[in-house]
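Colleague: fold the stuff below for me.
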Amino acid sequence: MSTGEKGDTFSTLNAELEHIKQTDFMAFLDWLYGAVEKLIKDRENFYRSLRNKNSWWINTSRWTLGILGAAALLLTALAGIAAIADTQQAWLKPWQSRGLFWAFVIYAVMGAIALFERGTDLSGSYFRHLTITIAIRNLWNEFQLTMLKEYPALIKTAGTDETAARSRAIELARALCKDIDTLVATEQTEWRTEFIESLKELDTAAKDGLGKVKTDLEAAMVKVTKAAEEARMAAEQAKAALLPGDLNVTVTGDFDGNLVVLVDQAKRHDEPVMTKFAIRGIVPGTREFEVKAKKGIQDIHLSEVVEVKPGLQSYSIALP
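Modeller: Predicted structure coming up:
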């Protein structure tokens, strides 16, 4: 049969009036045989064209998945070897994360290919079209053999009862057309079932993917919000750390003359009598405070380390 045409599944025998009115049995039989042959060609070429269109996928997908699967297995094995490597083979350690990363990428590609296959049904369509093409060829072979077998009887019957001969030829053609329509209807039912199933799988995959993306986005938003809050608090702490320390100083005990207060050996107060005063603008941190005063002829000298914090705080000086 010719393979140059694409064919279709909607053509019929196209019995025009001139064929129906044909009085010569041999001319009628020639037309009927040719019409059946054209019908068979249309059906077979249609499915052969579809099968050829998907053959590239059959030829490449299996090899591609096989190669990717082998590569992923080797990378996973490499990562396992690197994981159990001792310290003397530390150069293998970086290959653990690299191997797992590329293995994950390959498995993701394989999953995408498998999802594409489930969504497009290229492999299933190829084998359906191959099966129905072979079935149509078998029907045509069976019809030809039946005609070879019954041709002498048809010619003999036509000599005495042309109507009976025509009826027998029409029945043979009717049986072939019915078998072809049954094949086409079965293939269309299978296609419809697989199409609906593929849509369900794609819908499930889309929902699962959307759910995972939503979960990942929510987790990412939580991390971003937490990081932003931590950054804000760190900024506030850094800002607060730059604020100077102000001390309200309270002095208990007796002293004569001036009371001298030094912070890190720098004089910050030198006034008489005052028992309450403020020292402002001290850089926060650990500071050394020295207190000098007199009580009669006695010199008073005190020294201690004070943790000065940003902002306002109290500090007491107890003189002996």
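
Colleague: and the strands in this protein?
Modeller: 245-252, 256-263, 266-272, 276-282, 285-295, 298-308, 311-318 (DSSP state E).

Colleague: so for W191, which of those sits nearest?
Modeller: strand 311-318 (78.2 Å; Cβ to Cβ). For the C-beta atoms, the positions are set from N, CA and C on the backbone; glycine is no exception.

Colleague: what about the closest one, average pLDDT?
Modeller: Average pLDDT, strand 311-318: 83.

Colleague: list the buried residues for that strand?
Modeller: Within strand 311-318, the residues that count as buried by 16 or more other Cβ atoms under 10 Å are Y315, I317.

Colleague: tell me the strands beside that strand, with direction?
Modeller: According to DSSP bridges, strand 311-318 forms sheet pairs with strand 245-252 (parallel).

Colleague: redo the strands of the chain as TSV? Include distance to K53.
Modeller: TSV is the format used below for these (distance: least, Cβ to Cβ, whole Å):
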stretch	distance to K53
strand 245-252	82
strand 256-263	89
strand 266-272	91
strand 276-282	85
strand 285-295	79
strand 298-308	82
strand 311-318	79
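
Colleague: for the stretch 1-150 of the chain, which residues score under the pLDDT cut-off?
Modeller: By pLDDT under 70, the low-scoring segments of the stretch 1-150 of the chain are 1-6, 17, 19, 22, 81-96.

Colleague: let's see 80
Modeller: 1-23, 58-59, 61-62, 65, 75-101, 111, 113-123 (pLDDT under 80).

Colleague: ditto for the stretch 201-320 of the chain
Modeller: Where the stretch 201-320 of the chain drops to pLDDT under 80, the residues are 201-243, 245, 253-254, 256-257, 273-274, 296-297, 311, 319-320.

Colleague: so which of the strands of the chain is nearest R128?
Modeller: strand 311-318 (80.9 Å).

Colleague: for K41, see how far away the nearest residue to L172 once chain neighbours are set aside is.
Modeller: Excluding its sequence neighbours, the residue lying closest to L172 (Cβ to Cβ, 6 or more residues apart in numbering) is T146, at 6.0 Å. From T146 across to K41, the span is 18 Å (Cβ to Cβ, to the nearest Å).

Colleague: ok, those two, which is more surrounded?
Modeller: Under the neighbour definition other Cβ atoms under 10 Å, T146 and K41 were set side by side, and K41 has more, 19 against 13.

Colleague: that one contacts G34, doesn't it?
Modeller: No - the pair K41 / G34 is not scored as a contact, 10.4 Å apart, by Cβ atoms under 8 Å.

Colleague: residue contacts, the nearest residue to D270 once chain neighbours are set aside?
Modeller: Spatial nearest neighbour of D270, excluding adjacent residues (Cβ to Cβ, 6+ apart): V260 at 4.9 Å. Residues in contact with V260 (Cβ atoms under 8 Å, 6 or more residues apart in numbering) are K267, H269, D270, E290, V291, K292, A293.

Colleague: in the stretch 51-200 of the chain, which spans are helices?
Modeller: Using DSSP state H, counting those that start in this stretch, the helices assigned to the stretch 51-200 of the chain run over residues 93-120, 122-160, 162-242.

Colleague: kindly reformat those helices as a markdown table containing distance to T23.
Modeller: As requested, these are arranged in a markdown table below (distance: least, Cβ to Cβ, whole Å):
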| stretch | distance to T23 |
| --- | --- |
| helix 93-120 | 53 |
| helix 122-160 | 11 |
| helix 162-242 | 8 |
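
Colleague: can you say which of those helices is nearest to L13?
Modeller: Of all the helices of the stretch 51-200 of the chain, helix 162-242 sits nearest to L13, with 7.1 Å by Cβ to Cβ.

Colleague: gap between the residue nearest to A318 when sequence neighbours are not counted and G245?
Modeller: Nearest residue to A318, sequence neighbours excluded (Cβ to Cβ, 6+ apart): T252, at 5.0 Å. Look at T252 and G245: by Cβ to Cβ, they are 21 Å apart.

Colleague: between the two, which one's more packed in?
Modeller: A count of neighbours by other Cβ under 10 Å puts G245 above the other of T252 and G245, at 22 against 9.
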